[in-house]
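Peer 1: A predicted structure for the sequence below; I have some questions about it.
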Amino acid sequence: MAANRKNLDLVQIAPNADPPVCRILDYGKYRYDMMKKQKEARKNQRIINVKEVRLSPNIEEHDLNVKAKMARKFLKDGDKVKVQVRFRGREMGHTDLGLVVLNDFFEILKDDGVIEKAAKLEGRNMNMFLAPKTE
């Protein structure tokens, strides 16, 4: 066999192909190269976290700016931000106020982030997702 004469291994590359594809190579070196590629790929990948900022529909302007400052920090770090307005009791009748709060919040952060998922009412919460601005 040709692989034995060259002191190499016969490696099946594509077993599902018709006919199966094989290659003569040094299997130890092949595995080492594959592990090295996987390690390099893991090193270069970025883990994106989702941070959450909770607001209320009757939040004051200063409190909104403080929350926006935290969200800006999260966006600058490369994390996504979930902005949530929680409605309690009679506030459910005024979901339009929550939409206004979310729009004001985004206006403060429009230089640092983009809306990934627009504001949507889900149960008693209205959620909006912001992603860092890519340039």
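Peer 2: Sure thing, it's come through. Numbering: from 1, shown residues only.
Peer 1: off-centre distance for the lengthiest strand in the chain?
Peer 2: When secondary structure is assigned using DSSP state E, the longest strand within the chain turns out to be strand 113-122. Taking C-alpha atoms, centre = their mean, to the nearest Å, one finds the center of strand 113-122 at 14 Å from the center of the full chain.
Peer 1: other residues contacting the very next helix or strand once past that strand?
Peer 2: Note on strand 113-122: by DSSP states H and E, the next helix or strand toward the C-terminus is strand 125-132. With contacts defined as C-beta atoms under 8 Å, 6 or more residues apart in numbering, strand 125-132 is touched by 50, 71, 75-76, 78-87, 95, 98-99, 102, 105-106, 109, 112-120. All C-beta spots, glycine's among them, are computed from the backbone N, C-alpha and C.
Peer 1: what angle sits between strand 125-132 and strand 113-122?
Peer 2: Interaxial angle of strand 125-132 relative to strand 113-122 (axes from the mean of the first three to the mean of the last three C-alpha atoms, to 10 degrees): 160 degrees.
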